[in-house]
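**Student:** Structure, please.
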Amino acid sequence: MLTIATQPPRMQLTSVTRGRVDRPMRILVYGTEGIGKSTFAAAAPAPIFLAPEDGTAELDVARFPQPRTWREVLDAIAELTTAPHEYRTLVIDTLDALEPLVWAHVVEQTGNPKIKTLGDIGFGKGPDAALDLWRVFMAALERLRNTRNMHVILIAHSWVKSFKNPEGDDFDRYELKLHPKAGGALREWCEAVLFARYETFTLKDEKTKRVKGFSNGARVIHTQRTAAWDGKNRYDLPETLPLEWAAFAEAATARKPVDAAVSRAHIEGLLEKADDALRTVVRDTVVKAGEDAAQLARIADRLAAKINLQNEGTP
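**Tutor:** Okay, here's the model as predicted:
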């Protein structure tokens, strides 16, 4: 009688593990043009660039030929996945230059010569088909990470768009220069979404009542979401860092948030702008957090975002 060997089920308590898992990073860096996003990525470990636009001509980096089709993009990722090499980081520069290749492939796949643009496919169907291709792209990048232990850095530009605020007046904010469906999926896939900008300050002229902006020239990345931009990270990073790979990598490796006492002082300062109900809720949450620096830092970030959102449009 033939006996068929069966594998034991994987989901057993004896298979449970604990602790952080050290994995290659998935990073999305976006911001205004020329601020230094490519330079930031060029300092990552042993990078190779896949650049649909010619933005790295002045950088001494390894790069694939500029892809002309969506298939060439996937071919480059497959080559890195299967061929022998010593690269440790793949940089996509930029996502918004890659998006037209996605759209062109969707149009081509219809096989209909009358369809020239994504909008010709039918209401909502074009962006949905494009999103399917972005999911294939993310799956290919995930295979690359798992197979070759490579970091992935996605670079994109930003633009200013109106935000439909369900809690009050609408306001403008920086967003990824991508279709919202694609941008949402890519932000969700990444472990860190970093917004790059020049550090900017405002000053109101007491005579004219006009507000003027000025910058000290410092280039920074923001690691948390605010009313003005998207951001996130799973590395307990400080809210703001210099736009330098070394500073980011050091903070990500340390996973050390701002000191608990500093976060508590920051929270108290923010609460001066809050109403009594919010003060009570936040202070109770702070007490429960105790000396957990990471939790206190998250409370401060959420409180700052909430207050910024409430103050949008306030004269």
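**Student:** so what does the longest helix belonging to the chain touch, helix or strand wise?
**Tutor:** Longest helix in the chain by number of residues (criterion: DSSP state H): helix 125-148. Judged by 3 or more CB pairs under 8 Å, 6 or more residues apart in numbering; DSSP states H and E, helix 125-148 is in contact with helix 70-82, helix 95-110, strand 151-163, helix 180-189. Where C-beta positions appear, they are placed from N, C-alpha and C, glycine not excepted.
**Student:** For Ala129, find the nearest of those.
**Tutor:** helix 95-110 (4.6 Å; CB to CB).
**Student:** And Ile121, how far from Ala277?
**Tutor:** Plainly put, Ile121 is 49 Å away from Ala277 if you go by CB to CB, to the nearest Å.
**Student:** how distant is the longest helix of the chain from the center of its chain?
**Tutor:** 16 Å (CA atoms, centre = their mean, to the nearest Å).
**Student:** Kindly report the same for stretch 231-250.
**Tutor:** Worked out by CA atoms, centre = their mean, stretch 231-250 lies 12 Å from the chain centre.
**Student:** hey, C-alpha coordinates of that stretch in PDB?
**Tutor:** This file holds the C-alpha atoms of stretch 231-250, laid out as PDB (Å, rounded to 0.1, in the frame of the first residue of the first chain):
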ATOM      1  CA  GLY A 231       4.900  60.600   6.500                       C
ATOM      2  CA  LYS A 232       5.300  57.400   8.600                       C
ATOM      3  CA  ASN A 233       8.000  55.100   9.900                       C
ATOM      4  CA  ARG A 234       8.300  51.900  11.800                       C
ATOM      5  CA  TYR A 235      11.700  52.600  13.200                       C
ATOM      6  CA  ASP A 236      10.800  55.000  16.100                       C
ATOM      7  CA  LEU A 237      12.600  57.800  14.300                       C
ATOM      8  CA  PRO A 238      12.700  61.400  15.500                       C
ATOM      9  CA  GLU A 239      10.100  63.600  13.900                       C
ATOM     10  CA  THR A 240      12.700  65.400  11.800                       C
ATOM     11  CA  LEU A 241      16.100  64.400  10.500                       C
ATOM     12  CA  PRO A 242      18.700  65.900   8.200                       C
ATOM     13  CA  LEU A 243      18.300  64.800   4.600                       C
ATOM     14  CA  GLU A 244      21.400  62.600   4.800                       C
ATOM     15  CA  TRP A 245      21.500  58.800   4.500                       C
ATOM     16  CA  ALA A 246      24.000  58.500   7.400                       C
ATOM     17  CA  ALA A 247      21.700  60.300   9.800                       C
ATOM     18  CA  PHE A 248      18.700  58.300   8.700                       C
ATOM     19  CA  ALA A 249      20.500  55.000   8.900                       C
ATOM     20  CA  GLU A 250      21.900  55.700  12.300                       C
END
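**Student:** After whichever strand or helix holds Thr253, which helix or strand is next? Please name it.
**Tutor:** Using DSSP states H and E, Thr253 falls within helix 245-254. Using DSSP H and E, the helix or strand that follows helix 245-254 in sequence is helix 260-271.
**Student:** The longest helix of the chain - what's its average pLDDT?
**Tutor:** The predicted model assigns helix 125-148 a mean pLDDT of 96.
**Student:** can you state the direction angle for it and helix 95-110?
**Tutor:** 110 degrees (axes from the mean of the first three to the mean of the last three CA atoms, to 10 degrees).
**Student:** quick one on the thing from earlier: residues in contact with the helix holding Thr253?
**Tutor:** 25, 40-41, 43-44, 192, 194, 221, 233, 235, 237-238, 241 (CB atoms under 8 Å, 6 or more residues apart in numbering).
**Student:** so how many other residues sit close to the residue nearest to Leu141 when sequence neighbours are not counted?
**Tutor:** Using CB to CB, 6 or more residues apart in numbering and skipping the chain neighbours, the partner closest in space to Leu141 is Val152 (5.2 Å). Counted by other CB atoms under 10 Å, the residues lying close to Val152 total 23.
**Student:** picking up where we left off before, and the longest helix of the chain, what's buried?
**Tutor:** 126-127, 129-131, 133-134, 137-138, 140-141, 144-145, 148 (16 or more other CB atoms under 10 Å).
**Student:** would you turn those into a markdown table with distance to Leu296?
**Tutor:** Formatted as a markdown table, the buried residues of helix 125-148 follow (distance: CB to CB, whole Å):
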| residue | distance to Leu296 |
| --- | --- |
| Gly126 | 45 |
| Pro127 | 40 |
| Ala129 | 44 |
| Ala130 | 41 |
| Leu131 | 37 |
| Leu133 | 41 |
| Trp134 | 36 |
| Phe137 | 37 |
| Met138 | 33 |
| Ala140 | 39 |
| Leu141 | 34 |
| Leu144 | 36 |
| Arg145 | 31 |
| Arg148 | 37 |
